[in-house]
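Asks: Sharing a sequence plus its predicted fold:
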Amino acid sequence: MASVFSKNVLRSIRGSLGRFVAIAAIVALGCGFYAGLRMTAPDMKQAADEFFDGSALMDIRVVSPLGLTEDDVEAIRSLDGVSGAMGAYETDAVALVDERQYVVRIHSIPPACADSSSPDGRSAASDDADYLNRPVLLEGRWPENAGECVMAGTVPRSESMAIGDTVQLQEGVQDLDEVLDETSYTIVGFVNSPYYATSASLGSTSLSTGVVQEYMYVPEGDFNDDLPFTEVFVTVAAAAGEESLTAPYDDAVQRVVDEIEAIAPECEQRRLDEVRAQAQEELDEAKETLERERADAEAQLADAAAQLDDARAQLADGRAQLADGQARFDEGQQQFDEGSEQLDDARTQYEEGRTQYEEGAAQLQAAQEEYNAGVAQYNAAEESYTQGINAYQDAAWELEQNRSQIDQLREAIPGLQAAADAGDEAASAQLAEARAAVEAFDSSEAQINATKAQLDAARAELDQRRSQLQEARTQIEASEQALRESHEQLSDALGTIDQSQGKLDESQGQLDESRSQLSGSADELASAQAAIDEGQAEYDARKAEADEKLADAQAEIDDAQERIDELELPEWIVLDRSSNYGAAAFDADADRIDSIASVFPLIFFLVAALVALTTMTRMVEDDRMLIGTLKALGYSKARIAWKYVAYGLLASVIGCVVGVLVLSQLLPLVIMTAYGIVYFVPQPPFPLPIDPLIAGLSAAFGIGVTLVATAAAAWVVLAERPAALMLPPAPKAGRRILLERVSPVWKRLSFSWKVTLRNMFRYKKRLFMTIVGIAGCTALLLTGLGISDAINDIINKQFGELTKYNLTVTLDEDASQEDVDAVDALLADDSAVEDAAAVLDEPMLASGPDATDVRLNLVVPEDPDGFAGFFTLRNRLSQEALTLGQDGCLVSEKLAQVCGVVAGDSLTLTEQDSAGNPTSATYRVPVTGIVENYIGYDVFMGPDLYEETFGKPAEYSTRFVIASDNASAREGLLDRLQEADAVKTAAFNDETIETYRSMLASVNLIVVVLVVSAALLAFIVLYNLTNINISERSREIATLKVLGFLPRETNAYIFREIFLLAAIGALVGLVLGVGLESFVVLTAEVDGVMFGRQIHLLSFVLAFVLTMVFTWASMLAMKPKIARIDMVESLKSNE
């Protein structure tokens, strides 16, 4: 009997294969989705753990404000549980690669890299246990010589680089010459470093915009020999066997962290003593040098003072001799004055005759002056003419030089005109240029000819004026001759006077000689005094300069001594792997996937239960007479129920196995591929491992809900008496529906529509199953499309509505004010610039009730009122414009959520050092508003609040620029900015936008998975519903065929009900989808990015339309079954 019973089960499967496959399919979807999603997180974490272990990613990172030494490395290496310790160098720099600027983090790589191997491309094997954070070589080779480097091969920006390119380091957080021996590197390879598992954040820096854009490795020997290690990386032996960032792993690492912290005080003290001793030694040498220079300066000043005293003594002797000579000169001067009085009387008579002579001379002089004025005018005109003729000759020569070229253009114009008429745009441009050149040449030639005519007229006028001047000269010479004769007569009279004057002059000569001697002596004394004064001034200046330099040097020494004395113990900062952004973010995203996995499959399990319940209920109802017969033959309820339980068990087991086997491979692969755009963790080898526990839970859920539904359906029928079961079931009583009570509507409905509406509400379980199943389908579709909207809105809203500037210019902090003004003038006058704003853009850390040390950008605009033209400050929920003002502090929405602050709370800001580590300088600021922002964490602060908070005015070393959209204009502007002395970096937003677009493109894979899943879910639900409908109404369908209904009318009798239920389910699904999409978006959101919060109207429409398309497709699949219904067999089926 057991064999017969088993055969009966198999016969039932063959007889209702579609029903069996439907149950198996819905269980496969539910179990597969649950297992696939739940296994994704372990698969991701295992892949990361294998990558991190295979490349010896550090478990612990130790940093210190004063650096670390080889002794520190050895001390750490000797601790119990430490399997490897590596001292490493690190610095940040602005690099130029192929005329593009990047902020690069430079790491040292030890010689052991050359001996490492990567056979599987997912790990880096090395015999050196102290070679940690081993990059995997993707292309090229390792650096072998100084000046060679390997670059990140996984960062999107690296796609524009190639092996052989030159990386030119321009500036660093420190003087590059004090850090590196080389500043120019050749790319010899590309790597994937486990230390940078994501492109979302490579770290922060004090350079440029505060974000590291690339990383590179250079030979360890390229760092200066006297530098301490920047950091020490450590691996823990006990952690190697544990999965990364799990509790056992953390416990193993924490034990070593405790050991490191235990030896830290001794090492810190040793390092402090070393630095203090070295600094004190250098300072003592500086003190000795200062004392030597002080002694030399004092000796030189003493010699100069002695020389000044000698000069003053000599000056006093000279002044005494000058006083004696002055007395003798005064006596001779008195005698001379008496002789002069006698001579004056004789001279008076002479002067009377002289008066007449002078009157004639005056007339002659007037004529002579008039003549001279005419000569001067003539000479000026002659010079102007000469300049004009020279300019004319130069212009004529230059014109002749260009004539041949212009003639060629004249000949080319007809050809260009023909080409332009033919539609050649290049020829049109050349034609315009040629015509312009010819017109300019003709214009220049006409101008030169006009100038020649003007010069000829000027020459004629000059010749006429020369003749007039010659005539005037002849008249003047005649007058001069007459005056000369009168002068000779006066000269005879003057001879006598001159003889007397000669004697006086001799006396005067003697007096003048004495006076000259006295004056010379006085001048010598004055010069000596001036020299003494100059010497004294120089002495005073040199003494003041020496005193100032010595005082400055002493002050520097005192300051240095004070800094040495105040050196604090360099506390070690011991960080574990969770401080590595890539490792921690990857682990957090895996946990987010796990959170989604706990909710998402519930839809499939719920539908599976409903499908199983409805399907098995129908199956049991069809077997009523068989069940009654079996009960009458003495079979127990359990034995009879086992047939249906076995049916459901077999279907669910097959579905569970297929679903788990397929989707546990497919879903993790799709999700890891999507995350592969952001993360650089190599995918594990295929096939992926199957977690037995998750597979078991999945099977328990999928098989369990199916069996419970099956048992419930069977038990209802088994509760009846055998006699009742052997009779056909009474038709379900019909009831009036609500719409029937609305007479105006109900009366206007056709018979088929009335039947459809009554049937819809007649079978409640079927109604509920259809609505829930279709609602789940629509909810999945809306979730997928909503995720796409949310991610696309990141770029569209951030750079389409919020960020209005498209160019960021960072200025050199050491630039002179003149150079800064030149950049501002360039931005103000350049035609490619619409507007520019001066801002402070500084990386900082934020802490609040829910988070600490969150990296952000602090933006302080110089003009807060005008800043709205560069960034839209608004609240996302209310769309209300926010005012920054002088005292405002607006926090980006995602940062506020992460830190747990709202408007009215306080946010703690912490400054960071050049390496991005937090310092002890912390500040509390009031939050005045929450601003909409999607990419990055930002705080916008008013200038007055900044000065009040930080105790200093803001330094506006960044310019936000709204530049033209024209590509050539932007390229020209970028070239001009890069040539400016004060510009450190200048970059458009285009690269950032494209980077984010490529990173977020992976969402399409997730959308495809959700759409396919929704399609399968809809098809299974509708297939079952339609199949049951057709089975139950075969007599009705046969009757309709007998009555002559057309095939389309017969189909509509069944499908109209399905279509209406699908539409109701789709509308319900739109409501459910909003909540599901919101949950997924908030759960899947990554650090530093806020997804869009709005589902677009088009997504609602598409979700509804696609659901109805899936419904229509399932109807098409069922049409052949209606066509195969035999009218005769169906009508006598109850007999």
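Replies: That came through fine.

Asks: Just after the helix or strand containing D591, pick out the following helix or strand.
Replies: Using DSSP states H and E, the element containing D591 is helix 581-597. Per DSSP H and E, the first helix or strand lying C-terminal to helix 581-597 is helix 602-622.

Asks: which other helices and strands contact that next one?
Replies: Applying 3 or more C-beta pairs under 8 Å, 6 or more residues apart in numbering; DSSP states H and E, one finds that helix 602-622 contacts helix 17-54, helix 637-675, helix 692-718, helix 764-797, helix 1003-1032. (Each C-beta comes from the backbone N, C-alpha and C, glycine too.)

Asks: what does stretch 115-130 contact?
Replies: The contact list for stretch 115-130 (C-beta atoms under 8 Å, 6 or more residues apart in numbering) reads 50-51, 53-56, 77, 83-86, 110, 112-113, 131, 134-138, 235, 682, 685.

Asks: So which of those residues sit within strands?
Replies: 83-86, 136-138, 235 (DSSP state E).

Asks: Adding distance to D92, write those out as CSV.
Replies: Formatted as CSV, those follow (distance: C-beta to C-beta, whole Å):
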residue, distance to D92
S83, 29
G84, 26
A85, 24
M86, 20
V136, 23
L137, 23
L138, 23
T235, 25
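
Asks: by how many degrees do the helix holding D591 and helix 637-675 diverge?
Replies: Using axes from the mean of the first three to the mean of the last three C-alpha atoms, to 10 degrees, the inter-axis angle of helix 581-597 relative to helix 637-675 is 150 degrees.

Asks: Need the CA coordinates for helix 581-597. CSV is fine.
Replies: Backbone C-alpha positions of helix 581-597 (Å, rounded to 0.1, in the frame of the first residue of the first chain) are rendered in CSV as follows:
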residue,chain,number,x,y,z
TYR,A,581,38.5,53.8,6.5
GLY,A,582,38.5,51.3,3.7
ALA,A,583,38.5,48.2,5.9
ALA,A,584,35.9,49.7,8.3
ALA,A,585,33.6,51.0,5.6
PHE,A,586,33.7,47.7,3.8
ASP,A,587,32.8,45.9,7.0
ALA,A,588,30.0,48.4,7.7
ASP,A,589,28.5,48.1,4.2
ALA,A,590,28.5,44.3,4.6
ASP,A,591,26.6,44.7,7.8
ARG,A,592,24.2,47.0,6.0
ILE,A,593,23.5,44.3,3.4
ASP,A,594,22.9,41.9,6.3
SER,A,595,20.4,44.3,7.7
ILE,A,596,18.5,44.5,4.4
ALA,A,597,18.6,40.7,4.2
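
Asks: got the buried residues for it?
Replies: Across helix 581-597, burial judged by 16 or more other C-beta atoms under 10 Å covers 581-587, 589-590, 592-597.

Asks: helices or strands up against that helix?
Replies: helix 17-54, helix 637-675, helix 1047-1084.

Asks: before we move on, back to that, least reliable of the helices and strands packed on helix 602-622 going by mean pLDDT?
Replies: Among the helices and strands packed on helix 602-622, helix 1003-1032 carries the lowest mean pLDDT, a mean of 71.

Asks: for the residue nearest to V983 when sequence neighbours are not counted, what are its contacts?
Replies: The shortest distance from V983 to any non-neighbouring residue, by C-beta to C-beta, 6 or more residues apart in numbering, is to L977 (5.0 Å). Contacts were defined as C-beta under 8 Å, 6+ apart; by that measure L977 touches 809, 823, 826, 983, 986.

Asks: Which one of these sits in the busiest neighbourhood?
Replies: Compared across the contacts of L977, V809 has the highest neighbour count, 27 neighbours, by other C-beta atoms under 10 Å.

Asks: ok, that one to S340 distance?
Replies: 84 Å (C-beta to C-beta, to the nearest Å).

Asks: related to what we said a few turns ago, what is the mean pLDDT for the helix holding D591?
Replies: For helix 581-597, the per-residue pLDDT averages 79.

Asks: Let me know the angle separating that helix from helix 17-54.
Replies: Calculated by the same axes, to 10 degrees, helix 581-597 forms an angle of 160 degrees with helix 17-54.

Asks: which residue ranges form the strands in the stretch 451-600 of the chain?
Replies: If DSSP state E, counting those that start in this stretch is used as the criterion, the strands of the stretch 451-600 of the chain fall at 573-576.

Asks: about what we covered before: just send the ones in strands among the contacts of stretch 115-130 back as TSV, with neighbour count too.
Replies: TSV is the format used below for the ones in strands among the contacts of stretch 115-130 (neighbours: other C-beta atoms under 10 Å):
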residue	neighbour count
S83	18
G84	19
A85	24
M86	26
V136	24
L137	20
L138	16
T235	26
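
Asks: out of those residues, which one sits closest to E524?
Replies: M86 (80.7 Å; C-beta to C-beta).

Asks: who does that closest one bridge with?
Replies: F233 (DSSP bridges).

Asks: before we move on, the earlier item: output the helices and strands packed on helix 602-622 in JSON lines; the columns should cover distance to D309 and mean neighbour count.
Replies: Formatted as JSON lines, these follow (distance: least, C-beta to C-beta, whole Å; neighbours: other C-beta atoms under 10 Å):
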{"stretch": "helix 17-54", "distance to D309": "82", "mean neighbour count": "24"}
{"stretch": "helix 637-675", "distance to D309": "88", "mean neighbour count": "21"}
{"stretch": "helix 692-718", "distance to D309": "102", "mean neighbour count": "19"}
{"stretch": "helix 764-797", "distance to D309": "83", "mean neighbour count": "24"}
{"stretch": "helix 1003-1032", "distance to D309": "91", "mean neighbour count": "21"}
